[in-house]
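Student: model the structure of this input:
(one chain, ligands or ions: 1)
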Amino acid sequence: MVHKGDLVVIGICVGLALGILLAVLAFFGIRWYKKHAYLRRCANDRSVPTHPIRINGFGTSTEFSASLSNSVAAKASEYPQKSSQVSWWAHNNKDRFASASGIPRYPYKDIQKATQNFTTILGQGSFGPVYKATMPTGGVAAVKVLASDSSQGEREFQTEVSLLGRLHHRNLVNLIGYCVDKGQHMLIYEFMSNGSLANLLYSEGHILGWEERLQISLDISHGIEYLHEGAVPPVIHRDLKSANILLDHSMRAKVADFGLSKEEVFDGRKSCLKGTYGYMDPAYMSTNKLTMKSDIYSFGIIIFELITAIHPQQNLMEYVDLAGMSPDGVDEILDKQLVGGCNIEEVRELARIGHKCLHKSLRKRPSIGEVTQAILKIKQRRLAKEDTMSFADGDFSRVMSRIEDQQIELSKLGGLNGEA
Ligand SMILES: Nc1ncnc2c1ncn2[C@@H]1O[C@H](COP(=O)(O)OP(=O)(O)OP(=O)(O)O)[C@@H](O)[C@H]1O
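Tutor: This is a model prediction of the structure:
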């Protein structure tokens, strides 16, 4: 005989069991749905390369704080933006179509015309020759033609197109188009009229002043900061060198050549060593493990190139090590062109930053954000000094005019007294 109370308990138990079963079914049902939705999304995304998305072109670094925000806004107009760069091509290329990365693709004949059948060569890299392209509207670009026997090849070409399609910053050289046509691969960049930093440092002609060099180091720092801390996922450049720093008409520097870049998301996986002798981080060479700190090392080398105008393949590191032995050791290796034309304290400060970037221990190397801050401090200190000096000048003239006013008042008073 079953009691009524027992029936209630059994009922509750069955109810609970059913409830739990339903909850479990609902839980797994939702998980199943989410998983399938995710897989569907992945399948759709597969056609789109998973390269970094652009954050924005300006002010990714924290250093652009209130005090400098005005100058940033002003400087922004100095830099031709991608949209304007693209527009002159767009007007002239009706049959172009955009790649998955959003970079317009151009037919061979258009580029052949723009480069006047590839006549004006700007330079030659391991990728192939670079030509100047001029459009009827007056817009100028640089066209990099991938040599058929290129040692880098199509893989780098694709990296460059998909990476640069998503990365935009005023201190990165903008990719404005590409061409895959008639068996040719070409990359079309914004034109950097002052060529590479390496050319400026190591060939006769323009002498880079200290202020220009300091600004160039800051521009490079901003460019790398965007790659490391602004891009999602972060990007390691892997081939930072003075030949990959290009300068525009107003001597502002931009980081170029992303053919070897690697998304930080792949960090940790081993791959064959890539980079340029003299700029490659010894830690990376010995472990084959790539980190952002390898870019910091290469940047340290560029900093010392700016200070010394000694090429890293001409024993720069030996000079740098010697200079590191005393606080003013850098004075001995300073570029002759700078002697007497620079603030030696600023040079020493930049050298200190360079030494930190080259530290053997990866952990002791600064992050790029810290480097930017440190270089900015040098600039800010100078600006503050200039302000103080002009304030002192202002004070002086104010005092002088007060003395003059007082003399006039006194002479008036003297006149009054004489009259009395
Ligand atoms: N956007 C550009 N505007 C103006 N000149 C350019 C531009 N890009 C490249 N150049 C010129 O072409 C030269 C070769 O450039 P490229 O990037 O192909 O090779 P690299 O960086 O010098 O060497 P590597 O390919 O071995 O890294 C540069 O030194 C520069 O003078």
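
Student: for the nearest residue to residue 309 once chain neighbours are set aside, give me its contacts.
Tutor: In space, residue 309 comes closest to residue 335 once its chain neighbours are excluded; the distance is 4.0 Å by Cβ to Cβ, 6 or more residues apart in numbering. Any C-beta I mention is one placed from the backbone N, CA and C, and that applies to glycine too. Residues near residue 335 by Cβ atoms under 8 Å, 6 or more residues apart in numbering: 307, 308, 309.

Student: does the host helix or strand of the first one come close to the ligand?
Tutor: What it means is residue 307. Secondary structure from DSSP states H and E places residue 307 in helix 292-308. No: Helix 292-308 lies out of reach of the ligand by Cβ under 6 Å from any ligand atom, never closer than 12.3 Å.

Student: please name every helix or strand in contact with the following helix or strand past that helix.
Tutor: Counting by DSSP H and E, the next helix or strand C-terminal to helix 292-308 is helix 316-323. The criterion is 3 or more Cβ pairs under 8 Å, 6 or more residues apart in numbering; DSSP states H and E, and the helices and strands that helix 316-323 contacts are helix 292-308, helix 344-357.

Student: buried residues, helix 316-323. List them.
Tutor: Within helix 316-323, the residues scored as buried using 16 or more other Cβ atoms under 10 Å are 316, 319, 320, 323.

Student: read off the pLDDT value for the residue nearest to residue 309.
Tutor: Per-residue pLDDT puts residue 335 at 96.

Student: again with residue 202
Tutor: Looking at residue 202, the pLDDT reads 96.

Student: that one: how many residues sit nearby?
Tutor: Neighbour count for residue 202, taken as other Cβ atoms under 10 Å: 15.

Student: next: residue 159.
Tutor: For residue 159, using other Cβ under 10 Å, the count is 19.

Student: equivalent analysis for residue 376, please.
Tutor: The burial count for residue 376: 19, using other Cβ under 10 Å.

Student: that one and the ligand: what is the separation?
Tutor: 27 Å (Cβ to the nearest ligand atom, to the nearest Å).

Student: relative to the ligand, how far out is residue 254?
Tutor: From residue 254 to the ligand the distance is 8 Å (Cβ to the nearest ligand atom).

Student: what do you get for residue 358?
Tutor: Computed with Cβ to the nearest ligand atom, the distance linking residue 358 and the ligand is 21 Å.

Student: shaky segments in the stretch 1-150 of the chain?
Tutor: Low-confidence segments of the stretch 1-150 of the chain, defined by pLDDT under 70: 1-2, 13, 28-101, 135-137, 148-150.

Student: what sits closest to the residue in the stretch 301-420 of the chain that the ligand sits nearest to if chain neighbours are left out?
Tutor: Proximity of the stretch 301-420 of the chain to the ligand (Cβ to the nearest ligand atom) peaks at residue 313, 12.6 Å away. Once flanking residues are discounted, residue 313 sits nearest to residue 278: 4.5 Å by Cβ to Cβ, 6+ apart.

Student: for the one you found, grab phi and psi.
Tutor: Main-chain dihedrals, residue 278, degrees, to the nearest 10: phi 100, psi -30.

Student: quick thing: my sequence starts at 161, can you match it?
Tutor: Taking 161 as the first residue, the last one we looked at is residue 438.

Student: burial count for it?
Tutor: As a burial measure, residue 438 scores 17 neighbours (other Cβ under 10 Å).

Student: let me see the mean pLDDT of stretch 525-544.
Tutor: For stretch 525-544, the mean pLDDT works out to 95.

Student: name the residues that touch that stretch?
Tutor: 221-223, 227-228, 374-375, 377-378, 381-382, 384-385, 388-389, 452-453, 455-457, 459-460, 503, 506, 509-510, 513, 516-519.

Student: domain assignment for the protein?
Tutor: Residue ranges for the domains of the chain, per automatic domain parsing: 236-350, 357-541.

Student: and those as TSV, adding distance to residue 166?
Tutor: Shown next, in TSV, are those (distance: least, Cβ to Cβ, whole Å):
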stretch	distance to residue 166
domain 236-350	68
domain 357-541	61
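
Student: so which of those gets nearest residue 175?
Tutor: domain 357-541 (49.2 Å; Cβ to Cβ).

Student: for residue 443, helix, strand, or coil?
Tutor: When classified by DSSP: H, G, I helix; E, B strand; the rest coil, residue 443 comes out as helix.

Student: wait, it touches residue 523, no?
Tutor: No: applying Cβ atoms under 8 Å, one finds residue 443 not in contact with residue 523, separated by 10.5 Å.

Student: tell me which of these two has more neighbours.
Tutor: With neighbours defined as other Cβ under 10 Å, residue 443 and residue 523 compare such that residue 443 has more, 19 against 6.

Student: distance of that one relative to residue 456?
Tutor: Residue 443 is 11 Å from residue 456, where distance means Cβ to Cβ, to the nearest Å.

Student: now residue 435
Tutor: Going from residue 435 to residue 456 by Cβ to Cβ gives 13 Å.

Student: the two: which is more packed in?
Tutor: The neighbour comparison of residue 435 against residue 456 (other Cβ under 10 Å) goes to residue 456, with 24 against 21.

Student: just checking, the more buried one touches residue 514?
Tutor: No: under the criterion of Cβ under 8 Å, residue 456 is not in contact with residue 514, lying 10.4 Å apart.

Student: give me whichever of the helices and strands packed on helix 476-483 is most buried.
Tutor: Among the helices and strands packed on helix 476-483, ranked by average contacts under mean count of other Cβ atoms under 10 Å, first place goes to helix 452-468 (a mean of 25).

Student: neighbouring contacts of stretch 381-389?
Tutor: Residues outside stretch 381-389 that contact it (Cβ under 8 Å, 6+ apart): 215, 220-221, 327, 329-332, 394-397, 400, 413-415, 421, 424, 452, 455, 459, 527-529, 531-532, 535.

Student: pLDDT of it, averaged?
Tutor: Rounded mean pLDDT across stretch 381-389 is 97.

Student: flag every buried residue along stretch 349-359.
Tutor: For stretch 349-359, burial by neighbour count (16+ other Cβ under 10 Å) applies to 349, 350, 351, 352, 354, 355, 356, 357, 358, 359.
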